[in-house]
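# need a structure here:
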Amino acid sequence: MTLDKTDPEIIAAFALLDAQLEAERKNKMIPGLSVAVVYDQEIIWAKGFGYSNLEKKISADQKTIYRIGSITKLFTSTMLMQLRDAEKLHLDEPIEKYLSTFKIKSSFSNSRSPTFLQVVSHTAGLPREAPLDYWQTLKFPSINVVLKSLKNAEIIFPTMTEIKYSNLGIAILGHALERIANKPYKQYVKEHILQPLGMNNSGFDLSDEMKTHMAIGYFATKDNESHEIAPHPDIGAFAPAGQLYSSVEDISHFISLQFRDNPIGGKQILGGSTLREMHSPVFMAPNWKGGIAIGWALRQKSGHTCIGHGGGIYGFTADITLVIDMKLGIAVFVNTGMDLNNIVSSAIDLLIPVFSRVLSRKQADPIRVAPHDLQKYTGHYSMLRPDKMEMEIRIAVGKLVAIFNEEPPGTEITFIPESKHNFRMEGGFVNGELATFELSEGGNITQVKLGNFTFERVPPRFL
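Numbers count the residues shown, from 1 in each chain. Okay, here's the model as predicted:
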């Protein structure tokens, strides 16, 4: 469904979002901030605030390159699912089957080697980090050093008992996947994900073009009155967990991928069914307000399920959040270390009700069959079976609807025109199935098939 970007509510919402973001940037002393709002397959609003380089006064914009930290994990998850779809692995297989040096102790009974699904969803109980001091020394180890260090590590929680976020797990996952693909991890992601999606200014290493747009990462000083330049290490074996560079403009291509089933302007790197599988819960919090999917975090916002991922690495913070059922996404990148949750939540809380109203108005536009053309389908129908299930088909608010004598009060089926005398049904016991009206030789409606159920047109007997 197209969105009218000139709708007054949309224009007003983005004007308010603009003001909110600039106020937050000033209040929190954020050097630079870039944001993009995506609806379905396009960026509908994008802007930069502040500076990507404070010393040179270079303004931030939608093309500014940031380190996106742990959002990289979503690309590792995508690689996993591509290889699964290519039948190179199964999600319930242990990673150790493909990486024999991945061994870690466990004191829990019935403990088994972590599977691909458990590791990618952070439910394997693995420790957050390897037992090494790389975050202090900024000297990041090779994967072989990481694997050898596991003799000094052990599982923290029993499998599938809670979410235990693990950079270690995703680093090992990425290494296992490159062995399965028989191609270096960074090369695989570039060739099979970034390039097909048109993410030409994203990567694990900075191209000359990317360097011209690269932001400087900053730490706030102790007095919080100024900024100092943050270190910029290569994170070695942990590249699959946090090494990517990107811009909000580029990441929008990845966001749009999540909203489609078929190729649009490029290769469909994952099928729609696989994308929906990745968005579906693997583990839910006890209160069911949040959880984890395949790579994606889950939470509820304004009555909608959102998926997303954040990232933070020396002088940079990033977040992408998607409202899947509305095909709405937002990316917010900043060049300092901070908590983006309030900024992103405020933006989503602002946009969801506006988009909901605008899209509802769009759905209420005139349908393909005019109401007077629907009149011939109205009337009373009965299913030929002992209990005489009956329904009345009528026109309501310009649409064809059916109510039944056996359904709970208020239950309706709406008929959405699909082709001549054929309608797709929404609601009730035949939701999503096809309704086909059949005519006599004289052109009168004689019966209707709701999926596999046949109702004959009869004189009124109820309602």
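# CA only for contacts and neighbour counts going forward, please
Noted.
# so where's the protein shaky on pLDDT?
Where the chain drops to pLDDT under 70, the residues are 223-224, 263-266, 362-372, 385-387, 407-410, 461-463.
# need the single longest strand in it, by residues.
strand 42-53 (DSSP state E).
# mind listing what's buried along it?
Of all the residues in strand 42-53, those buried under the rule 16 or more other CA atoms under 10 Å are 43-53.
# so what strands line up beside the helix or strand that that strand is followed by?
Heading C-terminal from strand 42-53, the first helix or strand you meet, by DSSP states H and E, is strand 58-59. Paired with strand 58-59 in the same sheet, following DSSP bridges, are strand 42-53 (antiparallel).
# export the strand it pairs with as PDB, just CAs?
What follows is strand 42-53, C-alpha atoms only, in PDB (Å, rounded to 0.1, in the frame of the first residue of the first chain):
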ATOM      1  CA  GLU A  42      11.500   3.600   0.400                       C
ATOM      2  CA  ILE A  43      13.000   6.200   2.800                       C
ATOM      3  CA  ILE A  44      10.300   8.700   3.400                       C
ATOM      4  CA  TRP A  45      12.200  11.000   5.700                       C
ATOM      5  CA  ALA A  46      15.900  11.300   6.500                       C
ATOM      6  CA  LYS A  47      18.000  14.000   8.100                       C
ATOM      7  CA  GLY A  48      21.300  14.600   9.900                       C
ATOM      8  CA  PHE A  49      21.800  16.700  13.000                       C
ATOM      9  CA  GLY A  50      25.000  18.200  14.400                       C
ATOM     10  CA  TYR A  51      28.400  17.200  13.200                       C
ATOM     11  CA  SER A  52      30.100  14.100  12.000                       C
ATOM     12  CA  ASN A  53      33.400  15.800  12.700                       C
END
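# begin at 29 from here
Got it, first residue is 29 now, which makes that one strand 70-81.
# how far off centre is that strand?
Chain-centre distance of strand 70-81: 21 Å, with CA atoms, centre = their mean, to the nearest Å.
# pick out the most distant pair among the buried residues of strand 70-81.
72 and 81 (25.9 Å; CA to CA).
# what's the spacing between the biggest helix by length in the chain and its chain's center?
The single longest helix within the chain, with elements called by DSSP state H, is helix 369-391. Centre-to-centre, helix 369-391 and its host chain are 16 Å apart (CA atoms, centre = their mean).
# residues near residue 467, how many?
Other residues within reach of residue 467, judged by other CA atoms under 10 Å, total 13.
# hang on, isn't it packed against residue 473?
Yes. Counting by CA atoms under 8 Å, residue 467 touches residue 473, with 4.4 Å between them.
# distance of residue 66 from residue 350?
Going from residue 66 to residue 350 by CA to CA, to the nearest Å gives 9 Å.
# overlap in contacts of the two?
Shared contacts of residue 66 and residue 350, defined by CA atoms under 8 Å, 6 or more residues apart in numbering, are found at 283, 356-358.
# mind listing the strands in the stretch 229-378 of the chain by residue range?
Shown for the stretch 229-378 of the chain, the strands assigned by DSSP state E, counting those that start in this stretch span residues 246-248, 255-257, 273-274, 311-312, 318-320, 325-329, 332-341, 344-351, 356-362.
# could you dump those into a markdown table with distance to residue 477 added?
Shown next, in a markdown table, are the strands of the stretch 229-378 of the chain (distance: least, CA to CA, whole Å):
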| stretch | distance to residue 477 |
| --- | --- |
| strand 246-248 | 65 |
| strand 255-257 | 69 |
| strand 273-274 | 52 |
| strand 311-312 | 40 |
| strand 318-320 | 41 |
| strand 325-329 | 38 |
| strand 332-341 | 34 |
| strand 344-351 | 35 |
| strand 356-362 | 36 |
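# tell me which of the ones you listed is the most buried.
Most buried of those, by mean neighbour count (mean count of other CA atoms under 10 Å): strand 356-362, with a mean of 27.
# and the angle from that one to strand 332-341?
Orientation check (axes from the mean of the first three to the mean of the last three CA atoms, to 10 degrees): strand 356-362 against strand 332-341 gives 20 degrees.
# ok, strand 356-362: who's next to it in the sheet?
strand 60-67 (antiparallel), strand 344-351 (antiparallel).
# ok, residue 74 - contacts?
Neighbouring residues of residue 74 by CA under 8 Å, 6+ apart: 62-65, 90, 277.
# show me which of the residues you listed are buried.
Neighbour counting with 16+ other CA under 10 Å marks 62-65, 90, 277 as buried within the contacts of residue 74.
# closest one to residue 175 out of these, please.
Distances from residue 175 to these, taken by CA to CA, are shortest for residue 277, at 36.2 Å.
# now the residue nearest to that closest one when sequence neighbours are not counted: how far from residue 243?
Of all residues not flanking residue 277 in the chain, residue 90 sits nearest, at 5.4 Å (CA to CA, 6 or more residues apart in numbering). Taking CA to CA as the measure, residue 90 falls 12 Å from residue 243.
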